[in-house]
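>>> Okay, predicted coordinates and the sequence, questions at the end:
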Amino acid sequence: MIVALRRMFAIVRKELYQLRRDKLTFGFIVGMPILQLMLFGYAINLDVRNLNAALFDQAQTANSRELAAEIGQSQIFNIRYRISSDAELDALLRAGKISAALIIPSDFERRLAQTGTPAVQLLIDGSDQAVQGAARQLVSLPVSQLLREHRTPDIAAQVALVNFFNPERRAAVNTVPGLIGVILTMTMVMFTAIALVREREHGNLEFLITTPLSPLELTIGKVVPYIGIGLLQTTLILLLGLLLFAVPVRGSIVDLYLAALLFIVASLALGIFISTLVQSQFQAMQLSFFAFLPQILLSGFMFPFAGMPKAAQWLAEIFPLTHFIRLIRGIMLRGAGPADLWIEFLALLVFAAIMLALAILRFHKRLD
Amino acid sequence: MSPATVSADVRDGDIVIATRGLTRRFGQNTAVDHIDLQVRRGEVYGFLGPNGCGKSTTIRLLCGLLLPSEGEIEVLGLSIPKQAEALKQRIGYMTQKFSLYDDLSVGENLDFVARIHGLSNSAIKHRLDELFALYHLDTLRDQLAGTLSGGQRQRLALAAAVLHKPELLFLDEPTSAVDPQSRRDFWDALFALAEQGTTLLVSTHYMDEAERCHRLAILERGKLVANGSPRELMNQLPGTVLLVECEKPRAAQQALAGVDVVLATAQIGASLRVLTKHNGDNVNAAAQAHQIRAALAAKGIDAAVNPGTPNLEDVFVMATGREARAQVPS
């Protein structure tokens, strides 16, 4: 047993020496969390703002001008063109210069007075999903509410929305915790699969299997450094999230690291399993990517889980990332603990156990 | 310990490797075909054969890295593959392809191998210093293995393979990418190991290396076609070497192409070296020389034909040529 531990430690040492010299991998481990955090935090903003729009005001009344000004201030649309003909409107839309146009008809005042008839028309470029979403946001605002003097109490909003946990509706608050899961999936699965296959591809394995080293010792020795790397990445994202986007940690930090550790182990187990299925580093990368894509799409990181078809939801329940996203959002944003989220912990544990069992079944200490 | 029938050979203490009917198939292809092998303690045993003849596969079978399709293997008194784990402590294996880590230094590589073998920290330091001196690696200690020359790499690989002082060392084409001087040095190192009692099994496709082995086996398409000491094999050559001296050796070579006793011809300088096979009662050199002279005279070539001394290449051509004919359906 002690001999086995010494052998495992020899592998860990060797991995660390190699990692220290592998500048590219090292850069990837530290650089990728930073890059992704910047991308998802700043660049990829799913809140649609400042869409280019045109205004076709046929009424030219005080009310119509006020309405246009109000809509301009909503920041959803940026009114860049004031037009006076249908032909102009058509040309702008076709050229992609505007995504929407607000048309205020000449009988605007009469329509306003009459409840039931739409007062204005919003013409949108329906080929863009994001624009449709934004338009829906605007349509939900009653025109009469925008115009203070015409406010009528009987058509006030029927549904009162109270935003808990993220009152400012900042995307980063939701994205950063999930990003920990995405980055861990990428590094843990792909890097372990590649690292394990590398020994075989470079011919090192042929030498190693003639030594007393067992495949289990080799595998454990090789993945242990990645647990440390995973925890390092988690810390890096948490700190940057806090500093740059003020993303809070409302739950216990111990629970958070426990969840991260469990997720790291589950992802490593998946990586180990993948390494037993492939022959080359390139295949390992392909298969890791194949495992990564559905996880990132279906886990609830990118799209709301509730909005997915039932079959996709069932599939997503298999993925460790789905459970980790629920865990990490629960702990960081809602202050939840293991008492609330025990089933997600259990799911990760079961996943890790199954993957490890499958991998061990496929281990050989021979070349064929 | 095991009731294998080969154990009778091993029990006399002299035989370290014994196989009977060893066979390994990969799908339709038979890589190793019923090989019977006996290697004695302390000898340098050679596997000679072209690429793809089954040398590497046989070595892997003997180490327990591959499972045999048929046959029995006993190595150091252990039944393989059943007792392969116990064997691993006692053998060293130098792979054909460099199998240490290019991105670790010479010292780090050997330190790693020592730890894998479970050496204590003080033992590691002592053994590594010994190996650095023995294989002239002192000055390369901190150099990355990936930046070493071919000869330096082979010395490092050998040091790693013998680090735990194995009784039996397998070397799979250890000198295929090494310059002649390094090859000679490498073989000196191998004989030094043999002198200390290590048994070595070396595969090669170089005749000069095979000639240095105590005993060797010639492999052809997975079959063992000849074995014995190089001297025995040359003396027992079932054929004759003749040296043909004439004006136009190329023309003579063409003239002999169709003669059925001629197994191979090779031009060496101005003369032609002809290997003939013995068939029927026609087994003496003089008679064969006469036959060659007659064949050349028939084509109008006047030549002096004298007997030459056989070398290992002749043995190899004879052994593998015989095998090639056996494959032709009659």
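Cool, got the structure.
>>> The residue nearest to B:I80 when sequence neighbours are not counted sits in which helix or strand?
Leaving aside its sequence neighbours, B:I80 sits nearest to B:I73 (Cβ to Cβ, 6 or more residues apart in numbering or on different chains; 4.1 Å). From N, CA and C alone the C-beta is placed, and that goes for glycine too. Using DSSP states H and E, B:I73 sits in strand B:70-75.
>>> That strand pairs with which strands, and in what direction?
strand B:15-26 (antiparallel), strand B:78-80 (antiparallel) (DSSP bridges).
>>> How about the contacts made by residue 32?
No chain in the question, so chain A it is. A:I183, A:M186, A:T187 (Cβ atoms under 8 Å, 6 or more residues apart in numbering or on different chains).
>>> nope, chain B
B:L22, B:T23, B:R24, B:G54, B:T57, B:T58, B:L61, B:P68, B:G222.
>>> Tell me which entries of the contacts of A:M32 lie within helices.
A:I183 (DSSP state H).
>>> from the contacts of A:M32, which is closest to chain B?
Of all these, chain B sits closest to A:T187, with 19.5 Å by Cβ to the nearest Cβ.
>>> Within range of chain B, give me the residues from chain A.
Counting by Cβ under 8 Å from any Cβ of the partner chain, chain A comes close to chain B at A:3, A:6-7, A:9-11, A:13-14, A:17-18, A:21-22, A:202-213, A:366-368.
>>> Could you tell me which of those residues belong to strands?
Taking DSSP state E, every one of the residues of chain A next to chain B sits outside strands.
>>> What remains of those residues if I keep only buried residues?
A:6-7, A:10-11, A:13-14, A:17-18, A:202, A:204-213 (16 or more other Cβ atoms under 10 Å in any protein chain shown).
>>> Can you report how many residues lie near the residue of the stretch 151-300 of chain B found nearest chain A?
Nearest residue of the stretch 151-300 of chain B to chain A, counting by Cβ to the nearest Cβ: B:A160, 7.5 Å away. Per other Cβ atoms under 10 Å in any protein chain shown, the neighbour tally for B:A160 reads 27.
>>> repeat for A:S252
A:S252: 14 neighbours (other Cβ under 10 Å).
>>> for A:S84, same thing?
10.
>>> and it, what are its phi and psi?
phi -130, psi 10 (degrees, to the nearest 10).
>>> quick one: contacts for it?
By Cβ under 8 Å, 6+ apart, the contact set of A:S84 is A:F56.
>>> now with 7 Å?
By Cβ atoms under 7 Å, 6 or more residues apart in numbering or on different chains, no residues touch A:S84.
>>> Not counting its neighbours along the chain, what's nearest B:M318?
B:G239 (5.3 Å).
>>> if we can go back for a sec, which of the strands paired with strand B:70-75 sits most buried?
The highest average neighbour count among these, using mean count of other Cβ atoms under 10 Å in any protein chain shown, belongs to strand B:78-80 at a mean of 22.
>>> C-terminal to it, what's the next element?
Counting by DSSP H and E, what follows strand B:78-80 is helix B:84-88.
>>> Which secondary structure elements does the helix or strand just after that next one sit against?
Downstream of helix B:84-88, the first helix or strand assigned by DSSP H and E is strand B:91-94. Counting contacts by 3 or more Cβ pairs under 7 Å, 6 or more residues apart in numbering or on different chains; DSSP states H and E, strand B:91-94 packs against helix B:150-162, strand B:168-172.
>>> where does B:T23 sit relative to B:L224, distance-wise?
12 Å (Cβ to Cβ, to the nearest Å).
>>> the helices in the stretch 151-300 of chain A, which residues?
A:171-184, A:191-201, A:204-208, A:215-245, A:253-277, A:281-298 (DSSP state H, counting those that start in this stretch).
>>> what helices or strands is the fifth one leaning on?
With contacts defined as 3+ Cβ pairs under 7 Å, 6+ apart, the packing partners of helix A:253-277 are helix A:171-184, helix A:191-201, helix A:215-245, helix A:281-298, helix A:320-334, helix A:338-362.
>>> which stretches of the stretch 201-330 of chain B have low pLDDT?
Along the stretch 201-330 of chain B, the model assigns pLDDT under 70 to residues B:279-283, B:322-330.
>>> how about the residues of it near chain A?
Contact residues, the stretch 201-330 of chain B versus chain A (Cβ under 7 Å from any Cβ of the partner chain): none.
>>> Which residues of the stretch 51-200 of chain B lie near chain A?
Neighbours of chain A within the stretch 51-200 of chain B, by Cβ under 7 Å from any Cβ: B:60, B:63, B:65-67, B:88-89, B:91, B:93, B:95, B:97, B:99-101, B:103-104, B:108, B:112, B:115-118.
>>> Buried residues in stretch B:61-69, which are they?
B:L61, B:L62, B:C63, B:G64, B:L65, B:L66, B:P68.
>>> Can you pull out the residues in contact with it?
A:209-210, A:366-368, B:17, B:22-25, B:32, B:57, B:60, B:73, B:75, B:80-81, B:84, B:87, B:91, B:93, B:170.
>>> mean confidence score for it?
In this model, stretch B:61-69 has a mean pLDDT of 90.
>>> Ends of that stretch, what's the gap?
Stretch B:61-69 has an end-to-end distance of 10 Å (criterion: Cα to Cα, to the nearest Å).
>>> do stretch B:23-43 as well
Stretch B:23-43 end-to-end distance (Cα to Cα) = 24 Å.
>>> buried ones in it?
Neighbour count says stretch B:23-43 has B:T23, B:R24, B:T30, B:A31, B:V32, B:D33, B:I35, B:L37, B:Q38, B:V39, B:G42, B:E43 buried, by 16+ other Cβ under 10 Å.
>>> can you pull the contacts of the fourth one?
If you count contacts by Cβ under 7 Å, 6+ apart, B:A31 has them with B:R24, B:R25, B:G54, B:T57, B:G222.
>>> Tell me which two of those sit farthest apart.
Pairwise distances across the contacts of B:A31 (Cβ to Cβ) peak at 11.1 Å, for the pair B:R25 and B:G54.
>>> rewinding a little: state the phi and psi torsions of the residue nearest to B:M318.
phi -170, psi -180.
>>> Residues in a beta bridge with it, which ones?
Counting by DSSP bridges, the residues bridging with B:G239 are B:K277.
>>> Quick check: it vs B:A297, distance?
Distance from B:G239 to B:A297, by Cβ to Cβ: 22 Å.
>>> Of those two, which one has the most company?
Shown here are B:G239 and B:A297; by other Cβ under 10 Å, B:G239 has more neighbours (25 against 12).
>>> Mind checking which of the residues of the stretch 51-200 of chain B next to chain A are in helices?
Short answer: these in helices (DSSP H) are B:R60, B:C63, B:K88, B:E108, B:F112, B:R115, B:I116.
>>> out of these, who has the most neighbours?
Ranking these using other Cβ under 10 Å puts B:C63 first, with 27 neighbours.
>>> Can you tell me the SS state at the residue nearest to the spatial centre of chain B?
Nearest to the geometric centre of chain B sits B:F47, at 2.4 Å (Cα atoms, centre = their mean). State at B:F47, reduced to three classes by DSSP: H, G, I helix; E, B strand; the rest coil: strand.
>>> From chain A, how far off is B:T30?
Distance check for B:T30 against chain A: by Cβ to the nearest Cβ, to the nearest Å, it reads 15 Å.
>>> If we ignore the residues flanking it in sequence, what's nearest that residue?
B:G222 (5.3 Å).
>>> Show the contacting residues for that neighbour.
Counting by Cβ under 7 Å, 6+ apart, B:G222 has contacts B:T30, B:A31, B:V32, B:D33, B:C53, B:G54.
>>> let's see 6 Å
B:T30, B:A31, B:V32, B:D33, B:G54 (Cβ atoms under 6 Å, 6 or more residues apart in numbering or on different chains).
>>> ok, the last one touching B:E220?
No. Under the criterion of Cβ atoms under 6 Å, B:G54 lies out of contact with B:E220, with a separation of 8.6 Å.
>>> Any figure for the gap between A:F56 and A:R111?
In terms of Cβ to Cβ, A:F56 sits 15 Å off from A:R111.
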